[in-house]
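Undergrad: structure for the following, please:
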Amino acid sequence: MAKIKTVYTCQECGYQSPKWLGKCPDCNQWNSFAEEESVKPSKASPKSISGRESRPKTIDEIEVEKVERYQTKIGEFDRVMGGGVTLGSLTLIGGEPGIGKSTLLMEVCGKLLSGYGKERILYVSGEESESQVAQRSKRLGVDNSGLYIFNETNWQKILEQVKELKPKFLVLDSIQTTHSSQVDSAAGTLTQIREVTYELMNFAKAYDLTCFLIGHVTKEGQIAGPKILEHMVDTVIYFEGDQLGQYRMLRVMKNRFGNTNEVGIFEMQEKGLVEIKNPSQYFLEQSLPGSYGRSITCILEGSRSLFVEIQALVVENKFAVGRRTTQGLDSNRVALLVAVIDKYLGIPLSYNDIYVNVVGGMKLTTRENDLSVIASLLSSYHATAIPNDTIFLGEVGLTGEVRSVPMMEMRLKEIAQMNYRRVVTSKRSAEDYKGKYKLELVGITKASELRDLLFKKQ
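TA: The predicted model follows:
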């Protein structure tokens, strides 16, 4: 008989200890240990995966399988998935509570059923009752006899229904609430998640079952549980956005069947999620004409170019220390750019209260928007508006130099199609792409040239 012993397992990294520890010595997380019963493995060899020949093969002996995809007809979702849902894949979707994960997957189920009516979908909910799921499906217009709703958290019972119904798609909401009766630990622990995901992965690959898993997130925004969950699945997607706002962003972090830099943008409406086919217009359509303290930059999200408005407000300081408030930008990066303005433009900007915001709730992590931030700050300081047909593209260094940004040709092509007239960028980029597009490329070497370029009368 196998010997049972009690161990304490870190729920973040999987480190095990014979006694409880306040801080994990491996990942430095506090209060992450949970008591679990560990069964000492026997000396018998593990069983191989059924249906697979267990011997090494040469490349010539291996037949390359053609990837079969199902189109959901939701353009933003299909783009993120790499062109559609891959047959037999495991997709993990994480996001904040109430962000719309269940709504998104219910709409995906409806599109799959309407496009492939002969297939069956099993929607397993461990957090909501069958009535609640049915009400959501009817509200979203998903009323198809091929959709089966099952309220269960026991993995063995779920597997029985999967074998009986033989669905083509399985939605598990959520993986943290699903537990296996063969493991003596609480649901959501490392052992439970690893065991359930491993069994689900083997079954899905053997029978071409396409699975969608919903995962909880921690307060830091990461998917709860160990990283082993993200390693085992084929695709990891984060559903992001402000709950108080209407926009939602579907961002892929891992994809074995497509690009890992794609992003899909949706808008939450009363009837559900509606895809935004022209995101740039969505972020810029409510701008106030003739207002100062604003500029436009072009960022890359996957294979698409987005135009984003950066707003800045410079106010005379009424207190001893200047205030800095940023939304959508790194506050340290904004402080660095303010110091560059102080040093190389001779403007005592740091004595003022400074507020910087990215319109639409976008979060910018790259540096191609440095020039746009400086232009917005100068526009607010001089109380002079910047023309709406001007785009700013460039990274600014600590010595005040303006550097080129990557993928410039893709950005310029989109800028020309959107009928913008002028692009302010680095001198090198302006010389490289001069005459290729119907644009006025203004190249500058130093950030200090912005003041004379935009505010000659000041």
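Undergrad: do a quick rundown of the helices in the stretch 351-458 of the chain.
TA: 370-382, 408-417, 427-432, 449-454 (DSSP state H, counting those that start in this stretch).
Undergrad: how far out from the middle of the chain is the longest one?
TA: On the basis of C-alpha atoms, centre = their mean, to the nearest Å, the separation between the geometric centre of helix 370-382 and that of its chain is 29 Å.
Undergrad: in this structure Ala134 contacts Ile149, no?
TA: Yes. Between Ala134 and Ile149 there is a contact at 6.0 Å, judged by C-beta atoms under 8 Å. In this view, the C-beta of every residue, glycine as well, is placed from N, C-alpha and C.
Undergrad: who has more neighbours, these two?
TA: Using other C-beta atoms under 10 Å as the criterion, Ala134 and Ile149 rank with Ile149 on top: 19 against 16.
Undergrad: are we agreed that the more buried one is in a strand?
TA: Yes. Under DSSP: H, G, I helix; E, B strand; the rest coil, Ile149 falls within a strand.
Undergrad: ok, now which ones touch it?
TA: Contacts for Ile149 (C-beta atoms under 8 Å, 6 or more residues apart in numbering) come out as 123, 125, 130, 133-134, 137.
Undergrad: just checking: what are the partner strands of the biggest strand by length in the chain?
TA: The single longest strand within the chain, with elements called by DSSP state E, is strand 304-315. Sheet pairing for strand 304-315, assigned by DSSP bridges, gives strand 294-301 (antiparallel), strand 353-358 (antiparallel).
Undergrad: give the buried residues for the first one.
TA: Think strand 294-301. Buried residues in strand 294-301, counted by 16 or more other C-beta atoms under 10 Å: 294-301.
Undergrad: pLDDT weak spots in the stretch 201-350 of the chain?
TA: For the stretch 201-350 of the chain, the stretches flagged by pLDDT under 70 are 218-226, 242-245, 279-287.
Undergrad: what are the ranges of the helices in the protein?
TA: Counting by DSSP state H, the segments of the chain that form helices are 75-80, 101-115, 130-139, 155-165, 190-207, 228-232, 279-284, 331-344, 370-382, 408-417, 427-432, 449-454.
Undergrad: which one of these lies nearest to Ile391?
TA: Judged by C-beta to C-beta, the one of the helices of the chain that comes nearest to Ile391 is helix 408-417, at 5.5 Å.
Undergrad: name the surrounding residues that touch that closest one.
TA: Applying C-beta under 8 Å, 6+ apart, the external contacts of helix 408-417 come out as 298, 300, 305, 391, 393, 405, 423, 425, 429, 432-433, 436-439.
Undergrad: swap in stretch 309-316?
TA: For stretch 309-316, contacts defined as C-beta under 8 Å, 6+ apart pick out 283-284, 287, 293-297, 329, 349, 352-360, 369, 372-373, 376-377, 379-381.
Undergrad: again, but for stretch 263-281
TA: By C-beta under 8 Å, 6+ apart, the surrounding residues in contact with stretch 263-281 are 74-77, 79-80, 100, 103-104, 107, 139-141, 241, 246-252, 282, 301-302, 304-307, 418.
Undergrad: go through that stretch and flag the buried ones.
TA: So for stretch 263-281, counting by 16+ other C-beta under 10 Å, buried means 263-268, 272-273, 275-276, 279-280.
Undergrad: mind listing which of those residues are in strands?
TA: Secondary structure from DSSP E places 263-268, 272-273, 275 of the buried residues of stretch 263-281 in strands.
Undergrad: so which of these comes closest to Val338?
TA: For those, the nearest to Val338 is Val263 (29.3 Å; C-beta to C-beta).
Undergrad: tell me how far that closest one lies from Lys363.
TA: Val263 sits at a distance of 11 Å from Lys363 (criterion: C-beta to C-beta, to the nearest Å).
Undergrad: good, wrapping up.
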